[in-house]
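*Asks:* Let's see this in three dimensions:
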Amino acid sequence: MWRVCLFAGRFLTRLPFPDPGQVDGPTLGRAALCYPLIGLLIGALVFGLLWAFLALDPGIAQGPLAALALIVWVWLTGGLHLDGLADSADAWVGGLGGRERTLKILRDPSVGVMGALALGLALIAKWAGLMALIQGGGAAALIWLSALARGQILLLMLTTPYARPQGLGAEVAAQLPRGWAWAVLALVAGGSGLALGPLAPALAGLILLVLRRAMLRRLDGFTGDTAGALVELTEVAVLLALTL
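*Replies:* Sure, this is the predicted structure:
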């Protein structure tokens, strides 16, 4: 399990996790079980940064501190899910012609106007949410927020087919240990409910239902990009709900 979590860490972050070596299909599936754990780590590191600066200077300017935390947050993930959000926004608007056109745009590495707008709005929302957490002394919420958002990937794979016949997402979904995945999700829902309140997992579930319906109607399933968009939109929505 340690080896598969190393792979999950190298996949989801830019942190220097040791190389787990060659991985096969079952290893890819088991690694997905560690996604929420990697989310806990990401959230803990961002919270740790905020805690350290606030401990050194409680009167520190909160706007620049929130911006620094956001920069570190994005760097930790390498913008992996933000890329999925941008691609999905471009594809959903530009792919109104149908499924194949949407999939074609999802494969295009360039970013269009809709993708840029989605990125800008998501980052503004996260910065505002970080500001509110700092002001309210609730920055520790970031730990479970990040874990909850990455648990969404597991739930998506358990309930939704992959849109393409081949690809990394198809391999991971096919090899995912479903019983263990449901157990991990129960822990994530329980932990986030206790730490953030019952609104957080309930809102995350609602977001998944809405986006899953859109994915099935347009693509007959999910892709890696749409899974990334789900992570980002969950983080934004839950963060704003907590701070509002």
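
*Asks:* drop to CA atoms for contacts and neighbour counts, all remaining ones
*Replies:* Will do.

*Asks:* which secondary structure elements does the helix or strand that contains residue 116 contact?
*Replies:* Assigned by DSSP states H and E, residue 116 belongs to helix 113-136. When contacts are defined as 3 or more CA pairs under 8 Å, 6 or more residues apart in numbering; DSSP states H and E, helix 113-136 sits against helix 62-77, helix 80-94, helix 224-243.

*Asks:* one more time with 6 Å
*Replies:* Using 3 or more CA pairs under 6 Å, 6 or more residues apart in numbering; DSSP states H and E, the elements in contact with helix 113-136 are helix 80-94, helix 224-243.

*Asks:* Just send these back as a markdown table, with mean pLDDT too.
*Replies:* Converted to a markdown table, the helices and strands packed on helix 113-136 look like this (pLDDT from 0 to 100):
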| stretch | mean pLDDT |
| --- | --- |
| helix 80-94 | 95 |
| helix 224-243 | 97 |
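
*Asks:* can I get those in CSV with mean neighbour count and distance to residue 19?
*Replies:* Shown next, in CSV, are the helices and strands packed on helix 113-136 (neighbours: other CA atoms under 10 Å; distance: least, CA to CA, whole Å):
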stretch, mean neighbour count, distance to residue 19
helix 80-94, 23, 19
helix 224-243, 22, 22
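
*Asks:* Just put those helices in JSON lines and tack on distance to residue 100.
*Replies:* What follows is these, written out as JSON lines (distance: least, CA to CA, whole Å):
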{"stretch": "helix 80-94", "distance to residue 100": "10"}
{"stretch": "helix 224-243", "distance to residue 100": "15"}
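
*Asks:* hang on, the earlier thing: identify each buried residue in the helix holding residue 116, please.
*Replies:* 114-116, 118-119, 122-123, 125-134 (16 or more other CA atoms under 10 Å).

*Asks:* Centre of the chain to that helix, how far?
*Replies:* Relative to its chain's centre, helix 113-136 lies at 14 Å (CA atoms, centre = their mean, to the nearest Å).

*Asks:* what sits up against that helix?
*Replies:* With contact meaning CA atoms under 6 Å, 6 or more residues apart in numbering, helix 113-136 is reached by 66, 86, 89, 90, 139, 239, 240, 243.

*Asks:* Quick check: the two most widely separated of these?
*Replies:* Farthest pair in these (CA to CA) is 90 and 139. Separation: 32.0 Å.

*Asks:* Of all the helices and strands in this protein, which has the lowest average confidence?
*Replies:* Sorted by mean pLDDT, DSSP states H and E, the helices and strands of the chain end with helix 168-175, the least confident at a mean of 84.
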